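Enquirer: I need the structure of the sequence given here:
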Amino acid sequence: MNLNWDGYGPEWRNAQRVTTLPGGASVEGEWHVYAVLWTDAGYTFYVDDVPLWTTTEAVSRRSQWLHLTCEVDDASWAGFVPAAGYGPRRPEAPGMDVDWVRAWRVDP
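Expert: Model prediction:
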């Protein structure tokens with residue numbers, strides 16, 4: 001779970017939380033529901049309907065892009081990144097399957 005703001009240059013700032021999934025569930029080979037509740041008071045991040053992180057940092061009050069990404073750090077939960085990188089996309093290459101995405105706005 002990660003927030004980035006002020007661009008990606010020298011002004012870049014971020015806040016993040018690395019955590020385990022509810023009940024010690026595995027990320028790999030299982031389906032999960034990821035969600036974020038974004039209000040004027042802050043952001044609450046959920047996995048499988050369990051709130052895992054709430055932050056009030058950098059709360060935006062205007063329209064923003066939503067990016068669904070899977071970034072892998074070397075020697076993290078996903079193992080080690082090969083020295084030559086992952087190479088071209090292949091069926092056996094690491095990836096993330098997304099079944100559906102839903103976004104909605106709650107009018108005040």
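
Enquirer: isn't residue 19 right next to residue 52, touching?
Expert: Yes. The pair residue 19 and residue 52 passes the contact test of CB atoms under 8 Å, sitting 5.3 Å apart. The way it works is simple: take the backbone N, C-alpha and C, and place the C-beta from them, glycine included.

Enquirer: out of the two, name the residue with the larger neighbour count.
Expert: A count of neighbours by other CB atoms under 10 Å puts residue 52 above the other of residue 19 and residue 52, at 16 against 10.

Enquirer: correct me if wrong: that one contacts residue 1.
Expert: Yes. Taking CB under 8 Å as the definition, residue 52 is a contact partner of residue 1 at 6.9 Å.

Enquirer: shared neighbours of those two, anything?
Expert: Residues within reach of residue 52 and of residue 1 at once, by CB atoms under 8 Å, 6 or more residues apart in numbering, are 17, 19, 45.

Enquirer: among those, which are in strands?
Expert: Members of those lying in strands (criterion: DSSP state E): residue 45.

Enquirer: tell me which residues are up against stretch 45-52.
Expert: With contacts defined as CB under 8 Å, 6+ apart, stretch 45-52 is touched by 1, 17, 19, 21-22, 25, 32-37, 44, 53-54.

Enquirer: of those, just the buried ones, ChimeraX syntax please.
Expert: Of the contacts of stretch 45-52, the buried ones go into a single ChimeraX selection, burial set by 16 or more other CB atoms under 10 Å:
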select :1,44,53
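
Enquirer: what is the least confident helix or strand in the chain?
Expert: Lowest by mean pLDDT, DSSP states H and E among the helices and strands of the chain is strand 2-5, with a mean of 83.
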